[in-house]
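Peer 1: only geometry, no sequence info:
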């Protein structure tokens, strides 16, 4: 049964993790020689098979939309070129839990206020490579993800402690999935950097539907420190 993990379990599970993704490398012409890139693709494919419903195509925006089982968050990634689209990868999530916890929308950074849509959702986003998408065959959620791996390799990371891969959409915010779901009860995880919300008035302990936990991370030099995160993990099995 698909379920969002209980708060206490999430806090315990994430206390020892590091969301500083290692193995970030330069773009390779053929990711078959890059073990992280290759495994990221195969595990992403396996994760798609576990989803209760497949990512939806939004052809107006030129993206794929992978929604969380509770419908409160989604991961968007580019399907095609679209000059109107500000970013190529997003985390999109309901604003209401944050507003109820004290969020003053007027105090959000301008780029987030511009991305508040008519359905009351907020977004973190990033612009990926300007290189053209080059499909060989059918355009699918997986083949579009492969484009990120090929053209934007630096956005893909691996977290050994939880055996997760992930796509970073902004500093400290990312979408993660398990390398091997059969050995992991956190098959997908939506991760948000809470600092922007706290600065805009949010009491992080009152955000319903998101766990709030101190997470050990590493900087680019390998120095460890703790950072708070909002976490929404799901077991898809």
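Peer 2: Thanks, I have the structure now. These numbers were taken from a predicted model, which means no experiment stands behind them.
Peer 1: helix or strand with the lowest mean pLDDT in the chain?
Peer 2: helix 7-15 (a mean of 49; mean pLDDT, DSSP states H and E).
Peer 1: elements contacting the next helix or strand after that one?
Peer 2: Downstream of helix 7-15, the first helix or strand assigned by DSSP states H and E is helix 35-50. For helix 35-50, the packing partners by 3 or more C-beta pairs under 8 Å, 6 or more residues apart in numbering; DSSP states H and E come out as helix 141-151, strand 156-159, strand 164-170, strand 173-178. Glycine gets a C-beta too; all of them are placed from N, C-alpha and C.
Peer 1: isn't residue 191 right next to residue 174, touching?
Peer 2: Yes: using C-beta atoms under 8 Å, residue 191 is in contact with residue 174, at 5.0 Å.
Peer 1: the more surrounded of the two?
Peer 2: Remark: of residue 191 and residue 174, residue 174 carries more neighbours, 28 against 24, as counted by other C-beta atoms under 10 Å.
Peer 1: please name the bridge partners of that one.
Peer 2: residue 168, residue 191 (DSSP bridges).
Peer 1: compute the distance between it and residue 140, please.
Peer 2: 22 Å (C-beta to C-beta, to the nearest Å).
Peer 1: pairing partners for the longest strand along the chain, with directions?
Peer 2: Longest strand in the chain, counting residues (DSSP state E): strand 224-235. Note on strand 224-235: by DSSP bridges, its sheet partners are strand 3-4 (antiparallel), strand 188-192 (antiparallel), strand 211-218 (antiparallel).
Peer 1: could I get these in a markdown table, plus columns for distance to residue 37?
Peer 2: Formatted as a markdown table, the strands paired with strand 224-235 follow (distance: least, C-beta to C-beta, whole Å):
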| stretch | distance to residue 37 |
| --- | --- |
| strand 3-4 | 29 |
| strand 188-192 | 19 |
| strand 211-218 | 21 |
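Peer 1: ok, the residue nearest to the spatial centre of the chain to residue 70 distance?
Peer 2: Against the mean C-alpha coordinate of the chain, by C-alpha atoms, centre = their mean, the closest residue is residue 175 at 1.6 Å. Residue 175 sits 15 Å away from residue 70, taking C-beta to C-beta as the criterion.
Peer 1: can the helices and strands packed on helix 35-50 go into JSON lines with extra columns for distance to residue 103?
Peer 2: Output for those, formatted as JSON lines (distance: least, C-beta to C-beta, whole Å):
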{"stretch": "helix 141-151", "distance to residue 103": "30"}
{"stretch": "strand 156-159", "distance to residue 103": "28"}
{"stretch": "strand 164-170", "distance to residue 103": "17"}
{"stretch": "strand 173-178", "distance to residue 103": "16"}
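Peer 1: need the least confident one among those, by mean pLDDT.
Peer 2: Lowest mean pLDDT within the helices and strands packed on helix 35-50: strand 156-159, a mean of 86.
Peer 1: any idea how far residue 87 is from residue 211?
Peer 2: Distance from residue 211 to residue 87, by C-beta to C-beta: 26 Å.
Peer 1: higher neighbour count, these two?
Peer 2: Comparing residue 211 with residue 87 by other C-beta under 10 Å, the one with more neighbours is residue 211, at 22 against 19.
Peer 1: residue 228 is in contact with the more buried one, correct?
Peer 2: No: applying C-beta under 8 Å, one finds residue 211 not in contact with residue 228, separated by 10.6 Å.
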